[in-house]
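A.B. asks: sequence-free structure coming up:
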């Protein structure tokens, strides 16, 4: 039995919690449940301590698991919008005005009534579409705004053609009508005002209400634009929800680190008997080296070198600097040499291995995750070098034969299994990832698999996605827009050049006179450029090909866009 007054000192002295985040004060309050005559039973004390230690570890997992966010926004009641209420009043006034003062045979009657109706109905339709498509809501509200401007012009034309004065800015009439417009929004009130007034007065009243409604719709568009920037469209929310669900599935099934007790993530062993095999690594990468076997989940020996763990790699490099290091016998210019002297050069030096000014060396000498699709096998030296230097190779199931023909055995093969033989499937064993669903192609399945395994090194290079069937080529290229929402540094390499996705703005290093093509997957994409022979100064790319076949004028060019675009750059010629 432990006396009540000594419980706190006992816990702090012996550090029963086993965690730096353990809160003795919180445990102390819970212990009151077990108090019997101001003493505690030791076995129950330790049970409670174990529960709190478990909850302390769980909070790290909860911090990583993304919270579920609603995919569909709840559409509001459009009748509560002041802009809709005023548009409804304007419609009723316009119908009354046209029936009383215009001839039924006058074409202006139909035009004015339809413009008033369009202003009202598009607001309602936009609000209804908001739950699934924010862009449609913005477009419809803008149509309503344009329709009401057209109607205001019709009223102004009526006053001018009938030699009637329009209320001057600052006059007593316009100020009085503005006050009524601020205080009242219901149609019945305004209809009671127009019953006995002449045509010129009704037209001026309608013009004031139309100006107020135009201002309200402008503010409404501003608010919708801000919400679109923060929440995104349905496509983006669906992609984010799918990614979050995949992370929840991965982290929810993760074991605990044998050293610190924190959740673990999937990574890969760099050396030893488990080289290139999946293992569990501790999420606290910078402080802990705990690892478990992927299948049995048994702890691995201390010091197991894991892929993507930079502090371990630094320790390994120190060991390699020891005397009689066999790696010192390698060619120093070998990009896989750990102590490559070229790494010490100025990155702007044209001879630097990772010189961004030379497309040949942009990413091919950096170890990365490579996804090999089932298109034409890569033949150009650059994609072939990327494949040779791949840290991890993921093949679509139809590309297994291509990878082996090029001298690389894939680390994983992903797909529905319809393109590989039973013998190959058996020889791959656990390296074959079977994804039977047919909603996405094998390239998308391989990319999703790479995203689920967060320890796979970025960037991701996609090879073999072009050639053979043109429909597959076009689909794979534009699927890159979706891929880069998960891994922004994803590049698609063909035998002629590279496709990259740009969001926002970026400056590209290049050589003067090199070709650049910009593809706009979304209509009316505004692009601004610097350093191109045919500049784009906020030009709206209305079609897919509008930004193609341009050329650079210097050693760099910059692009800025309001929506994702694809940038194609051919390889530098020898």
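C.D. replies: Noted; the coordinates are in hand. Fair warning: this is a prediction, and the values are worked out from it, not measured in the lab.

A.B. asks: Which secondary structure element is home to residue 558?
C.D. replies: For residue 558, the element it lies in under DSSP states H and E is strand 556-570.

A.B. asks: Next, the buried residues of that strand.
C.D. replies: By neighbour count on 16 or more other CB atoms under 10 Å, the buried set for strand 556-570 is 556-557, 559-561, 563-569. All C-beta spots, glycine's among them, are computed from the backbone N, C-alpha and C.

A.B. asks: What pairs with that strand, parallel or antiparallel?
C.D. replies: Strand 556-570 has these partner strands in its sheet, going by DSSP bridges: strand 497-509 (antiparallel), strand 515-519 (antiparallel), strand 525-530 (antiparallel).

A.B. asks: if we can go back for a sec, which among the buried residues of strand 556-570 gets closest to residue 414?
C.D. replies: Ranking these by separation from residue 414, with CB to CB as the measure, puts residue 566 on top at 24.1 Å.

A.B. asks: Quick check: chain neighbours aside, which residue is closest to that closest one?
C.D. replies: Taking CB to CB, 6 or more residues apart in numbering, and ignoring the residues beside it in sequence, residue 566 has residue 519 as its nearest neighbour in space, at 4.1 Å.

A.B. asks: Repeat that for residue 493.
C.D. replies: With CB to CB, 6+ apart as the measure, residue 383 is the residue that lies nearest to residue 493, at 4.4 Å, once sequence neighbours are left out.

A.B. asks: from memory residue 191 sits against residue 94, does it?
C.D. replies: No: between residue 191 and residue 94 there is no contact under CB atoms under 8 Å: 11.3 Å.

A.B. asks: which of these two has more neighbours?
C.D. replies: Between residue 191 and residue 94, residue 94 has the larger neighbour count (other CB atoms under 10 Å), namely 25 against 14.

A.B. asks: thought the more buried one was touching residue 113?
C.D. replies: Yes: shown here, residue 94 and residue 113 form a contact pair, counting by CB under 8 Å, at 6.1 Å.

A.B. asks: and the spatially most central residue of the chain, what does it touch?
C.D. replies: Within the chain, the residue whose C-alpha comes closest to the C-alpha centroid is residue 485; the distance, by CA atoms, centre = their mean, is 3.4 Å. Under the criterion of CB atoms under 8 Å, 6 or more residues apart in numbering, the contact partners of residue 485 comprise 236, 239-240.

A.B. asks: ok, of the residues you listed, which come out buried?
C.D. replies: With neighbours counted using 16+ other CB under 10 Å, those contain these buried positions: residue 240.

A.B. asks: Just name the closest of the contacts of residue 485 to residue 104, please.
C.D. replies: Looking across these and measuring by CB to CB, the closest to residue 104 is residue 236, at 49.6 Å.

A.B. asks: and the closest one, how far is that from residue 158?
C.D. replies: Distance of residue 236 to residue 158, computed by CB to CB, to the nearest Å: 46 Å.

A.B. asks: Could you give the number of residues near residue 398?
C.D. replies: 19.

A.B. asks: What's the separation between residue 394 and residue 447?
C.D. replies: As defined by CB to CB, residue 394 lies at a distance of 8 Å from residue 447.

A.B. asks: sorry, that was for residue 164
C.D. replies: From residue 164 across to residue 447, the span is 66 Å (CB to CB).

A.B. asks: same question, residue 81
C.D. replies: With distances defined as CB to CB, the gap from residue 81 to residue 447 amounts to 42 Å.

A.B. asks: swap in residue 425?
C.D. replies: As defined by CB to CB, residue 425 lies at a distance of 21 Å from residue 447.

A.B. asks: who's more crowded, these two?
C.D. replies: Here residue 425 and residue 447 are set side by side on neighbour count (other CB under 10 Å), and the busier one is residue 447, at 27 against 15.

A.B. asks: Surely the more buried one is in contact with residue 372?
C.D. replies: No: using CB under 8 Å, residue 447 makes no contact with residue 372, being 11.8 Å away.

A.B. asks: that older thread, give me the element the residue nearest to residue 493 is part of.
C.D. replies: Using DSSP H and E, residue 383 maps to helix 381-388.

A.B. asks: So for that helix, mean pLDDT?
C.D. replies: Averaged across helix 381-388, the pLDDT comes to 85.

A.B. asks: one step back: which residues touch the residue nearest to residue 493?
C.D. replies: Counting by CB under 8 Å, 6+ apart, residue 383 makes contact with 364, 461, 463, 493-495.

A.B. asks: try it again with 7 Å
C.D. replies: Under the criterion of CB atoms under 7 Å, 6 or more residues apart in numbering, the contact partners of residue 383 comprise 463, 493, 495.

A.B. asks: Separate out the buried members of those.
C.D. replies: Using 16+ other CB under 10 Å, the buried ones in those are 463, 493, 495.

A.B. asks: Any stretches of the stretch 51-200 of the chain with poor pLDDT?
C.D. replies: Where the stretch 51-200 of the chain drops to pLDDT under 70, the residues are 51-75.

A.B. asks: Got the domain ranges for this protein?
C.D. replies: The record's domain parsing of the chain by automatic domain parsing lists 2-64, 85-231, 256-320, 362-493, 496-574.

A.B. asks: Now do the buried residues in stretch 169-179.
C.D. replies: Neighbour count says stretch 169-179 has 174, 177 buried, by 16+ other CB under 10 Å.

A.B. asks: same check, this time on stretch 498-510
C.D. replies: Of the residues in stretch 498-510, those scored as buried under the neighbour-count criterion (16+ other CB under 10 Å) are 498-502, 508, 510.

A.B. asks: Please apply the same query to stretch 197-208.
C.D. replies: Of the residues in stretch 197-208, those buried by neighbour count under the rule 16+ other CB under 10 Å are 199-208.

A.B. asks: now, which of these lie within helices?
C.D. replies: Judged by DSSP state H, helices contain the following of the buried residues of stretch 197-208: 199-208.

A.B. asks: overlap in contacts of residue 394 and residue 447?
C.D. replies: Listed contacts common to residue 394 and residue 447 are residue 371; contacts here mean CB under 7 Å, 6+ apart.
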